[in-house]
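Q: model the following, please.
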Amino acid sequence: MSTLRKTCTLALLTALAIAPGVASAQQSCLTKAEARSLFGYALPQVISGTSKRCAQVLPSDSFLRSHGAELVTRYAAQKARYWPEAKAAFLKLGEGKDAQVGQFARNLPDESLRPLVDITVEGLVSQELPLKSCDKVDLALDLLSPLPPENTASLIALLIEVTSKADEVAPGKAKLGGFTLCKD
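A: Take a look at the predicted model:
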């Protein structure tokens with residue numbers, strides 16, 4: 001399960017990093033709801049990128065090869081619902097690191113920003129996911145596939161919260177990859 005968590009975190013950080021330095025934002029933190037929305041929004045691209053990356057090593061009867069496209073379609077149907085809060089979280093992190101980068105992203109119309117985030121997430125996962133992890137990610141997605149998209153995004157956010165670094169970076173915040181997760 002940690003491989004799925006790492007893959008999703010990597011995808012999220014990539015989406016946040018489409019402008020230099022955004023992923024290392026330390027001044028802002030994401031709430032659980034914002035993290036959940038980012039994952040809910042990015043999961044279709046994470047799954048699609050994983051399917052592309054792992055097609056060469058997974059057997060033809062693997063979950064991703066036989067049902068990955070269906071899962072992407074089902075999760076993508078929820079993307080519009082997640083976009084407003086996912087976008088707000090993205091902008092929050094961007095502005096927390098660099099006001100100019102945040103303003104640049106804020107000025108992009110959704111019709112430009114959404115495809116940029118989508119392509120970046122899918123592309124990074126399809127290039128960076130270690131091939132040796134494909135069987136574990138395939139199993140994790142198979143196990144998670146019966147869940148509604150919102151439950152999967154919430155579960156990933158919960159796993160990240162539970163497994164985030166214990167060392168505090170500031171009162172009420174815990175470091176997670178290149179961003180901070182607000183503690184309640």
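Q: break down the chain into its helices, ranges please.
A: For the chain, the helices defined by DSSP state H occupy 2-16, 32-54, 63-76, 79-97, 99-107, 110-128, 134-144, 149-163.
Q: packing partners for the last one?
A: Counting contacts by 3 or more Cβ pairs under 8 Å, 6 or more residues apart in numbering; DSSP states H and E, helix 149-163 is packed against helix 2-16, helix 32-54, helix 63-76. Where C-beta positions appear, they are placed from N, C-alpha and C, glycine not excepted.
Q: which one of the ones you listed is the most hemmed in?
A: Greatest average neighbour count among the helices and strands packed on helix 149-163 goes to helix 32-54 (a mean of 24), per mean count of other Cβ atoms under 10 Å.
Q: re earlier: want to throw the helices and strands packed on helix 149-163 into TSV with distance to L144 and mean pLDDT?
A: Listed next are the helices and strands packed on helix 149-163 as TSV, based on distance: least, Cβ to Cβ, whole Å; pLDDT from 0 to 100:
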stretch	distance to L144	mean pLDDT
helix 2-16	8	49
helix 32-54	10	92
helix 63-76	9	96
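Q: let's have the ones you listed in JSON lines, adding distance to L108.
A: Shown next, in JSON lines, are those (distance: least, Cβ to Cβ, whole Å):
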{"stretch": "helix 2-16", "distance to L108": "13"}
{"stretch": "helix 32-54", "distance to L108": "16"}
{"stretch": "helix 63-76", "distance to L108": "21"}
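Q: of all these, which one is nearest V125?
A: helix 32-54 (3.0 Å; Cβ to Cβ).
Q: just checking, what packs against that closest one?
A: When contacts are defined as 3+ Cβ pairs under 8 Å, 6+ apart, helix 32-54 packs onto helix 2-16, helix 63-76, helix 79-97, helix 110-128, helix 134-144, helix 149-163, strand 179-182.
Q: need the contact list for the nearest residue to K32 once chain neighbours are set aside.
A: Spatial nearest neighbour of K32, excluding adjacent residues (Cβ to Cβ, 6 or more residues apart in numbering): A157 at 5.7 Å. By Cβ atoms under 8 Å, 6 or more residues apart in numbering, A157 lies in contact with 32, 35-36, 39.
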